[in-house]
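Novice: I would like to see how this sequence folds:
(one chain, ligands or ions: 1)
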Amino acid sequence: MSVHVSQSAHKIQLWRRLGSVQYRDSSLLQRQHLSSFSSKADRNDDLVTLEASPDTGVATLRMHRSPANSLSMEMMQSISGAIRKAESDRKIQSLILTSSLPSGIFSAGLELTELYQPDLARLPKFWESFQQLYLDLYGSRLSTIASIGGPAPAAGCMLSLSCDYRIMTDNPKCTIGLNESQLGIVAPPWLAQQYIDVIGNRNAELALLLGTLFTPQQALTVGLVDELVCSGDSSIDEMAQRKAAEFIRIPPKARVAAKELTRGTQIAKLSGNREEDTEFFCSFVTTDTVQKTLGSYLEMLAKRKK
Ligand SMILES: CCCCCC/C=C\CC(=O)SCCNC(=O)CCNC(=O)[C@H](O)C(C)(C)COP(=O)(O)OP(=O)(O)OC[C@H]1O[C@@H](n2cnc3c(N)ncnc32)[C@H](O)[C@@H]1OP(=O)(O)O
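Specialist: Numbers count the residues shown, from 1 in each chain. Presented below is the predicted three-dimensional model:
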């Protein structure tokens, strides 16, 4: 236990050092105009759908925030709300998390307009919603299955890592991983720890440094996903339903206790450190250096599209 705490404290210090030393004294934001990245608050609640089936004990949470299921504050709150709703139904034991966007994109990660030239009053609430989503999904009493039919970079990968089981479509265009370093940012310690726990220290170290996005085959090899579905095989939804049924056959109390064994420490750690984590995020993301790099990344995305 004490080893865990000291390792985590060290990680937080490393994260903080990136903000306070490398980017010290750079508090003014560079304002750049990027017309295609201008949205901020979502106007409606129609971002996710929850379909619960008391007969099977399985609920399906479908994300459909067009165009890429990027995680705005409202989107994260909607997902958290749907997880809690499913949990409140005692007949539900399993949750499948998936996308219903026609493009198949699972989630493009954090909504970049929340990070770039951010609304400073909204920024802490945005980050708290991200923490809350992690706590709700990673700590859920439900068995959770990510059905990943498209790309899942950065916080999209976090959604998958927070589930108990990950099934992905075997299409090389669908990549997954924590690519933050490519954007000039770094994953928070609790997200990096999930990565380490799932793919091992060395794989995580290299992938975090390089911002690697794994193809499905590579993701399977490093253990980032548990199973691949080839087109022509049974559908990814059917496979997710089958896996959910397998989890449901385990007595729920034992299943939840087993989850607590592997996740409890990390969940308690973030729960006790939310304010500090938020303060660090807000000061880090608003530095000149991070803002410039995010601006360039957004331009690159817009150009790539053209
Ligand atoms: C400072 C400390 C912060 C620490 C935080 C650490 C935790 C998490 C960080 C993040 O999650 S940052 C987000 C990282 N995400 C990405 O790098 C993904 C960027 N997007 C893509 O690579 C691609 O869009 C895609 C997901 C692979 C899909 O590619 P595809 O070719 O199918 O579609 P596109 O044409 O590129 O995109 C469609 C549409 O979506 C918009 N979009 C994509 N990603 C985002 C996003 N993250 N936020 C906002 N908007 C996004 C893209 O601009 C297109 O919009 P339109 O032009 O169609 O309006």
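Novice: okay, CA-based contacts and neighbour counts for the rest of this
Specialist: Noted.
Novice: how about the most centrally placed residue in the chain, what does it touch?
Specialist: In the chain, the C-alpha nearest the mean C-alpha coordinate belongs to Met158, at 2.5 Å (Cα atoms, centre = their mean). By Cα atoms under 8 Å, 6 or more residues apart in numbering, the contact set of Met158 is 134, 178, 191.
Novice: any idea how far the first one lies from Phe284?
Specialist: Tyr134 is 20 Å from Phe284, where distance means Cα to Cα, to the nearest Å.
Novice: who in the protein is up against the ligand?
Specialist: 67-68, 70, 108-112, 151, 153-155, 180, 185-188, 281, 284-285, 305 (Cα under 6 Å from any ligand atom).
Novice: Show me which of the residues you listed are buried.
Specialist: Among those, those classed as buried by 16 or more other Cα atoms under 10 Å are 68, 70, 108-112, 151, 153-155, 180, 185-188, 281, 284-285.
Novice: Please list the members of these that lie in helices.
Specialist: Cross-referencing these against helices under DSSP state H gives 112, 155, 281, 284-285.
Novice: Would you mind giving the residues you listed as CSV with pLDDT added?
Specialist: Listed next are these as CSV, based on pLDDT from 0 to 100:
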residue, pLDDT
Leu112, 98
Ala155, 98
Phe281, 98
Phe284, 97
Val285, 98
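Novice: Distance to Met63 added to these, as a markdown table?
Specialist: Below are those laid out as a markdown table (distance: Cα to Cα, whole Å):
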| residue | distance to Met63 |
| --- | --- |
| Leu112 | 18 |
| Ala155 | 14 |
| Phe281 | 26 |
| Phe284 | 29 |
| Val285 | 26 |
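Novice: Return the member of those residues nearest to Val48.
Specialist: Taking Cα to Cα as the measure, Val48 sits nearest to Ala155 out of those, at 16.6 Å.
Novice: who touches the closest residue in space to the closest one that isn't next to it in sequence in this structure?
Specialist: Nearest non-adjacent residue to Ala155, counting by Cα to Cα, 6 or more residues apart in numbering: Gly109, 4.0 Å away. In this structure, Gly109 makes contact with 69-71, 152-157, judged by Cα under 8 Å, 6+ apart.
Novice: Please repeat the previous calculation with a cut-off of 10 Å.
Specialist: Applying Cα atoms under 10 Å, 6 or more residues apart in numbering to Gly109 gives the contacts 68-72, 151-159, 178-180.
Novice: cool, Leu191 as well?
Specialist: Going by Cα under 10 Å, 6+ apart, Leu191 touches 131, 134, 154-155, 157-158, 161-162, 178, 197, 266.
Novice: and what of Lys306?
Specialist: Taking Cα under 10 Å, 6+ apart as the test, what Lys306 contacts is Met300.
Novice: so which helix or strand takes in Val65?
Specialist: If you look again at residue 65, you'll see it is Arg, not Val. Using DSSP states H and E, Arg65 sits in no helix or strand.
Novice: What are the buried residues along the one helix or strand Lys85 maps to?
Specialist: Assessed by DSSP H and E, Lys85 sits inside helix 73-88. Residues 73-84, 86-87 are the ones in helix 73-88 that count as buried (16+ other Cα under 10 Å).
Novice: Please convert those residues to CSV, extending it with pLDDT.
Specialist: Below are those laid out as CSV (pLDDT from 0 to 100):
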residue, pLDDT
Met73, 98
Glu74, 98
Met75, 98
Met76, 98
Gln77, 98
Ser78, 98
Ile79, 98
Ser80, 98
Gly81, 98
Ala82, 98
Ile83, 98
Arg84, 98
Ala86, 98
Glu87, 98
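Novice: re earlier: got phi/psi on the residue nearest to the centre of the chain?
Specialist: The phi and psi values for Met158, taken as degrees, to the nearest 10, are phi -60, psi -40.
Novice: you'd agree Ala219 is in a helix?
Specialist: Yes: per DSSP: H, G, I helix; E, B strand; the rest coil, Ala219 lies within a helix segment.
Novice: Can you verify my assumption that it contacts Asn171?
Specialist: No: shown here, Ala219 and Asn171 do not form a contact pair, counting by Cα atoms under 10 Å, at 11.6 Å.
Novice: Next, the contact list for Ile79, please.
Specialist: 47-50, 61-63, 71, 85, 97, 129, 133, 136-137.
Novice: elements contacting the top helix by length along the chain?
Specialist: Assignment by DSSP H gives helix 252-271 as the longest helix of the chain. In terms of contacts (3 or more Cα pairs under 10 Å, 6 or more residues apart in numbering; DSSP states H and E), helix 252-271 is packed against helix 2-17, helix 123-138, strand 143-148, helix 189-199.
Novice: Right, I'll leave it there.
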